[in-house]
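# Sequence plus predicted model, see below.
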Amino acid sequence: MKTTDKARFDTRLPKEQKDLFEYAAQLGGFRNLTDYVINVLMEKSTMIIEKHNTILVSKRDQEVFFDAITKEIEPNKSLQLAASKYSKLIEQLNG
């Protein structure tokens, strides 16, 4: 995600946490703590958003499926025509 707009993100945390994060950044091969924090936040944010979107899609799919099996809906013209053609074909085959 590249952008020319810049924003600042400041945080206060206990020294022990900062030391832990810096150590993890060093072990992970990051240039500095900022690069590490941005990388971790991007990964975690992406995972949270994907999970949220999956849940939304799943709920929507459930609603569509439930509606399809519970609501009585009249077939449209295309479906009626297809059913008619199918019936005629079956009659010809059994003929």
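All right, it came through fine.

# low-scoring stretches of the protein, by residue?
Per-residue confidence of the chain (counting by pLDDT under 70) places the weak regions at 1-3.

# residue ranges of the helices in it, please?
15-27, 33-70, 77-94 (DSSP state H).

# Format those helices as JSON lines; extra columns: mean neighbour count and distance to D5.
In short, each C-beta sits where N, CA and C put it, glycine included. Supplementary listing: those in JSON lines, determined by neighbours: other Cβ atoms under 10 Å; distance: least, Cβ to Cβ, whole Å:
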{"stretch": "helix 15-27", "mean neighbour count": "12", "distance to D5": "25"}
{"stretch": "helix 33-70", "mean neighbour count": "11", "distance to D5": "15"}
{"stretch": "helix 77-94", "mean neighbour count": "10", "distance to D5": "49"}
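
# between the ones you listed, which one is nearest to F9?
Among the helices of the chain, helix 33-70 comes nearest to F9, with 8.3 Å by Cβ to Cβ.

# Counting by contacts, list what the closest one packs against.
helix 15-27 (3 or more Cβ pairs under 8 Å, 6 or more residues apart in numbering; DSSP states H and E).

# now the helices of the chain as CSV including distance to T4?
Below are these laid out as CSV (distance: least, Cβ to Cβ, whole Å):
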stretch, distance to T4
helix 15-27, 26
helix 33-70, 16
helix 77-94, 50
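
# out of those, nearest to K6?
helix 33-70 (12.4 Å).

# Can you tell me what sits against stretch 8-28?
With contact meaning Cβ atoms under 8 Å, 6 or more residues apart in numbering, stretch 8-28 is reached by 32-33, 35-37, 39.

# Equivalent analysis for stretch 64-78, please.
Stretch 64-78 is contacted from outside by A83, using Cβ under 8 Å, 6+ apart.

# now the end-to-end length of that stretch.
End-to-end distance for stretch 64-78: 20 Å, by Cα to Cα, to the nearest Å.

# can you check stretch 66-76 too?
First residue to last in stretch 66-76 (Cα to Cα) measures 19 Å.

# just how off-centre is that stretch within its chain?
Put simply, stretch 66-76 sits 27 Å off its chain's centre (Cα atoms, centre = their mean, to the nearest Å).

# Stretch 21-29 too?
Chain-centre distance of stretch 21-29: 30 Å, with Cα atoms, centre = their mean.
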